[in-house]
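Q: Okay, here's the prediction I keep looking at, along with the sequence it came from:
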Amino acid sequence: MNRLLFLFVIFFTIFLIQSCATTKKTIMRTDPLIGKIINTKTSQPIDSESLMNDIKTYDIIYLSEKHDNPAHHNIQQRVIQQLIDDGLKPSIGFEFFSMEDTPDLLNFIDSGKVTHSKKIEKIIEADLRKKLNWDSQSDQMWGYYYDLLSIAKKEKLNVAGIDLPSTLKRRITRKGIKGITPIEKEQVFSTQLDDNAYKDYMFSIFKAVHCGMGHGKMQAKLYDSWVARNDKMAHSITRMYKYRKGPIVIIVGGGHTEYGLGVIDRVAAIDKTIKQVNVALREISVKPSELTDYMLPLELEGFKKVPPADFLWLTQRVSYADPCKEFKKTLQRMKKKSAQ
């Protein structure tokens, strides 16, 4: 792989790991499945009240999102508010913040104990955003998570970041787990779960996301970062569980929880007594599909055949554009500039 392509894959890799870029909106299509909540055990639609009655009995509730879909964040707000209205005191864990960010998040929660003017609230928000290194992210993306934090502040809920620090994630993605220093490795928790079938599956996902481009060394580093992040998030979740006052709601990308793998099986590896439920906020497919297509199990050697999640909440897509077309166009532009 030449240097130009290598640099582009690094750029695209960061997009995959951070999953925070937004896409251009196109004409949306209607679909009768939009808004449906499906219990995958019965393959039957249920209403939101039935969903809440079920999930509030669990210790950990995953609200697995596509990061840039506003409908997913609206649903998350609804679920958290309903838990509160039902007399529960949920805690909220965020993939998009690291465990090391937690004191800053809690300082923000504490700021709700005093009533401030709108001007002071804006200053508090700007200060938090700067401390969390979110200055470079779009206002829209920041708003999604700030709205959730604002609910937590109003209701005095515990919150925590659950991921690795951003710089360490980038270091592992660039150098691989073997390439970082011993002192960095001490910051990386490991569940010791290692399965070649899952590794091969994730390699295929990385290749698909990169529009069919495969590069063994790069995929290996991606996988190192993926595993390190899932292990860290699982460890953080079990720490939150230790000090819980109510159910723990985890705001996380769908890839980290799909088919009960990633974070979920690692939490179980640490503590099998924890009751977990995954509500996947799932965009409808680009082309019309049958409900059964959304619930197809993953056939992976050594793993149970299970549907993608315990519940599917189907939503409109952010975009119907083919990201690989833009990928190829950008790559061609980079090649032309390099040749000049």
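A: Noted; the coordinates are in hand. Residues are numbered from 1 along each chain as shown.
Q: Tell me the confidence at Asp163?
A: pLDDT recorded at Asp163 is 98.
Q: Quick one: residues contacting it.
A: Applying CB atoms under 8 Å, 6 or more residues apart in numbering to Asp163 gives the contacts 94-99, 169, 229, 232-233, 236. (C-beta placed from N, C-alpha, C; glycine too.)
Q: please redo it, this time with the cut-off set to 7 Å
A: Contacts here follow CB atoms under 7 Å, 6 or more residues apart in numbering; on that basis Asp163 touches 95, 97-98, 229, 232-233.
Q: top of those by neighbour count?
A: Taking other CB atoms under 10 Å as the neighbour criterion, Met233 ranks highest of the contacts of Asp163 with 27 neighbours.
Q: so that residue touches Leu164, yeah?
A: No: at 8.4 Å, Met233 and Leu164 do not qualify as touching, with contact defined as CB atoms under 7 Å.
Q: which residues of the stretch 1-150 of the chain score low on pLDDT?
A: Residues of the stretch 1-150 of the chain that meet the criterion pLDDT under 70 lie in 1-26.
Q: So which residues of it form helices?
A: Taking DSSP state H, counting those that start in this stretch as the criterion, the stretch 1-150 of the chain carries its helices at 3-18, 48-55, 70-85, 102-110, 118-131, 139-155.
Q: can you list the contacts of Asp163 in CSV and add distance to Arg78?
A: Compiled in CSV, these are given as follows (distance: CB to CB, whole Å):
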residue, distance to Arg78
Glu95, 19
Phe97, 22
Ser98, 27
Arg229, 27
Lys232, 28
Met233, 23
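Q: what residue ranges in the stretch 151-300 of the chain score low on pLDDT?
A: In the stretch 151-300 of the chain (pLDDT under 70), the answer is 213-214.
Q: Show me what counts as buried in the longest helix belonging to the chain.
A: As assigned by DSSP state H, the longest helix anywhere in the chain is helix 216-242. For helix 216-242, burial by neighbour count (16 or more other CB atoms under 10 Å) applies to 218-238, 240-241.
Q: What of stretch 139-154?
A: 141-142, 144-146, 148-153.
Q: how far is it from where the chain is centred?
A: Relative to its chain's centre, stretch 139-154 lies at 15 Å (CA atoms, centre = their mean, to the nearest Å).
Q: Ok, stretch 115-124 next?
A: That offset, for stretch 115-124, works out to 30 Å (CA atoms, centre = their mean).
Q: give me every residue that touches the nearest residue to Gly176 once chain neighbours are set aside.
A: Setting aside the residues directly before and after it, Gly176 is nearest to Lys221 in space (CB to CB, 6 or more residues apart in numbering), at 4.4 Å. Lys221 is in contact with 173-174, 176, counting by CB under 7 Å, 6+ apart.
Q: Look up how far His210 lies from Lys221.
A: Lys221 sits 13 Å away from His210, going by CB to CB, to the nearest Å.
Q: is it true that Pro308 touches Tyr259?
A: Yes: under the criterion of CB under 7 Å, Pro308 makes contact with Tyr259 at 5.8 Å.
Q: how close does the spatially most central residue of the chain sit to Phe94?
A: Centroid check for the chain by CA atoms, centre = their mean gives Gly253 as the closest residue, at 1.9 Å. Going from Gly253 to Phe94 by CB to CB gives 11 Å.
Q: before we move on, the earlier item: what distance separates the longest helix of the chain from the middle of the whole chain?
A: 12 Å.
Q: And for stretch 270-278?
A: 18 Å.
Q: what distance separates the start and the end of it?
A: 18 Å (CA to CA, to the nearest Å).
Q: TSV for the buried residues of stretch 139-154, including distance to Tyr198?
A: Conversion of the buried residues of stretch 139-154 to TSV gives the following (distance: CB to CB, whole Å):
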residue	distance to Tyr198
Met141	29
Trp142	33
Tyr144	29
Tyr145	29
Tyr146	34
Leu148	30
Leu149	33
Ser150	37
Ile151	35
Ala152	33
Lys153	38
